[in-house]
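> take a look and give me a structure for this.
(one chain, ligands or ions: 1)
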Amino acid sequence: MKPKKTVLAYSGGLDTSVIIPWLKEHYGGQVLAVIVDVGQPEDFDAIRRKALSSGADAAFVVDVKHEFATDFIFSALRANAVYEQSYLLGTALARPLIAKTQVEVAIAEGADALAHGCTGKGNDQVRFELTYQALAPELKVIAPWREWTLHSREDEIEYAASRGIPVPVTKDKPYSIDQNLWHRSVEAGPLEDPWQESAEDAYALTVSPAQAPDQAEYIEIAFEQGRPVALDGTESDPVTIIQTLNRLGGAHGVGRVDMVENRLVGMKVRGIYETPGGTILMVAHHDLESMTLDRDTLHHAAYVAPRYAELIYYGQWYSPLRMAFDGFLDVAQRTVTGTVRVKLFKGTASAAGRTSPHALYQRDLATFGRDDVYSQHDAEGFINLWGLPTRVFARVNPELIRKQLRHPFDSPASRARSWPSATESKGE
Ligand code: ARG
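Model (predicted):
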């Protein structure tokens, strides 16, 4: 099938630039480039012009930063979604939104195909295409990287030059970088040796914790129903909150991660992440939950979190399970309202104080001081009933439980042999 109009997710890089003439030569029809602004630090006007000079029939820049922050990032934040306990999912969160934007343009422009520049080895192809499948299963999908015969950067440069595409004058760029409002991710090059420490030149959003100020800095983050709404008492929009915390956290070296992660397509990859603002927000949000969620809900949320993170990582943003989790979170987060004071110091962000109108922490209950609400006498009956199954099991199966006692106490005889006697210990 030859598409009449293909909408390409265009970044302005060499890969997606080469895709434009390649699509025209191999598939024909028009190519519309969509540049989705998810907060990457780029000159979007220049990228738009580059798409056109690479042969695109039209090029659109769509700013989705607000939607990214509100519907994607803050949803993940409410869930405490962190993949393999370290990765705050910056790339994985942006892909479904970029793909959705592409679909919206395709529908508006009457296009019949979608194309992306992801390689056949990564997670991103899955994230793009699962979004296409969910939102526009009728559109044809073209993934040039899985089809074409350009196998190296040199091949691509040669192809680009022969088609009159401006090739970036490359000072050696050893890394593969992906950046947006939420994070910056770096893979490849020297990072492919997992034993070798990442060099400082791999980082851009954060200073080295060693170079961070010796003076701690505090920031107060206010939340409403699990979503950040203000910094230091000043209400702010989601994008500004994240940008401000990125700057602040970056200056204190907060949010660096160096990890080996499991890709969906099977292999492991080593990469580094910088998520300064995200790290601060995760610390603050989780801390506020500790103050405002009852024990059962808090513990259940801890089960949901890694599963929610997997759904994001695996490209299943538009899945019924993610939506069902959001239903749980809509209810669970109703009381996650309040303010957390976070301390930034030498690469760490830690909660230093919290306050909430929904605090379940009640000082008069927890206090070691005078006490009128809690009857210590009641604890006796509680422990008797709580321990009832323990006592029954121990009585029925003494051989399974009591053998865990330390050897010298097993028999009076062995105790006498190997333990100081009562008389000895009195110092005779
Ligand atoms: N491994 C991360 C993920 O799958 C980031 C991928 C993109 N990053 C990059 N530097 N190319 O979400």
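
> wait, what's in contact with the nearest residue to Phe345 once chain neighbours are set aside?
With CB to CB, 6 or more residues apart in numbering as the criterion, Phe345 has its nearest non-adjacent residue at 4.0 Å, and that residue is Ala216. For the C-beta atoms, the positions are set from N, CA and C on the backbone; glycine is no exception. Ala216 makes contact with 343-345, according to CB atoms under 8 Å, 6 or more residues apart in numbering.

> near the ligand, which residues of the stretch 251-400 of the chain? Just list them.
Residues of the stretch 251-400 of the chain lying close to the ligand (CB under 6 Å from any ligand atom) are 269, 271.

> quick one: the helices in the stretch 251-400 of the chain, in order.
Under the criterion DSSP state H, counting those that start in this stretch, helices of the stretch 251-400 of the chain are mapped to 276-292, 295-313, 320-332, 363-366, 376-386, 388-396, 398-401.

> same deal with the stretch 101-250 of the chain?
Under DSSP H, counting those that start in this stretch, the stretch 101-250 of the chain gives helices at 124-135, 153-162, 238-251.

> follow-up on the earlier one: take the contacts of Ala216 and keep only those in strands.
343-345 (DSSP state E).

> for the stretch 1-150 of the chain, just list every one of the strands.
5-9, 30-37, 58-63, 113-115, 140-142 (DSSP state E, counting those that start in this stretch).

> any idea of the angle the second one forms with strand 58-63?
This points to strand 30-37. Put simply, strand 30-37 runs at 20 degrees to strand 58-63, going by axes from the mean of the first three to the mean of the last three CA atoms, to 10 degrees.

> which other helices and strands contact strand 30-37?
strand 5-9, helix 14-26, helix 44-53, strand 58-63, helix 90-109 (3 or more CB pairs under 8 Å, 6 or more residues apart in numbering; DSSP states H and E).

> and of these, who's closest to Val207?
Taking CB to CB, helix 90-109 is the member of the helices and strands packed on strand 30-37 nearest to Val207, at 19.1 Å.

> buried ones in that closest one?
Applying a neighbour-count criterion of 16 or more other CB atoms under 10 Å, one finds 90-106 buried in helix 90-109.

> could you dump it to CSV, C-alpha only?
What follows is helix 90-109, C-alpha atoms only, in CSV (Å, rounded to 0.1, in the frame of the first residue of the first chain):
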residue,chain,number,x,y,z
GLY,A,90,11.2,10.7,31.3
THR,A,91,11.5,9.2,27.8
ALA,A,92,8.9,6.6,28.4
LEU,A,93,6.3,9.2,29.4
ALA,A,94,6.9,11.5,26.5
ARG,A,95,6.6,8.9,23.7
PRO,A,96,2.8,8.2,24.0
LEU,A,97,2.2,12.0,24.0
ILE,A,98,4.4,12.6,21.0
ALA,A,99,2.6,9.7,19.2
LYS,A,100,-0.8,11.0,20.2
THR,A,101,0.0,14.4,18.8
GLN,A,102,1.1,12.8,15.6
VAL,A,103,-2.2,10.9,15.4
GLU,A,104,-4.1,14.2,16.0
VAL,A,105,-2.2,15.9,13.2
ALA,A,106,-2.8,12.8,10.9
ILE,A,107,-6.5,12.9,11.5
ALA,A,108,-6.7,16.7,11.0
GLU,A,109,-4.7,16.5,7.8
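
> buried ones in stretch 11-30?
Neighbour counts over stretch 11-30 (16+ other CB under 10 Å) mark 11-12, 14-24, 27, 29-30 as buried.

> the helices of the stretch 251-400 of the chain: lowest mean pLDDT?
Mean pLDDT is lowest for helix 363-366 among the helices of the stretch 251-400 of the chain, at a mean of 78.

> gap between that helix and the chain center?
Chain-centre distance of helix 363-366: 35 Å, with CA atoms, centre = their mean, to the nearest Å.

> what is it packed up against?
Secondary elements touching helix 363-366 (3+ CB pairs under 8 Å, 6+ apart): none.
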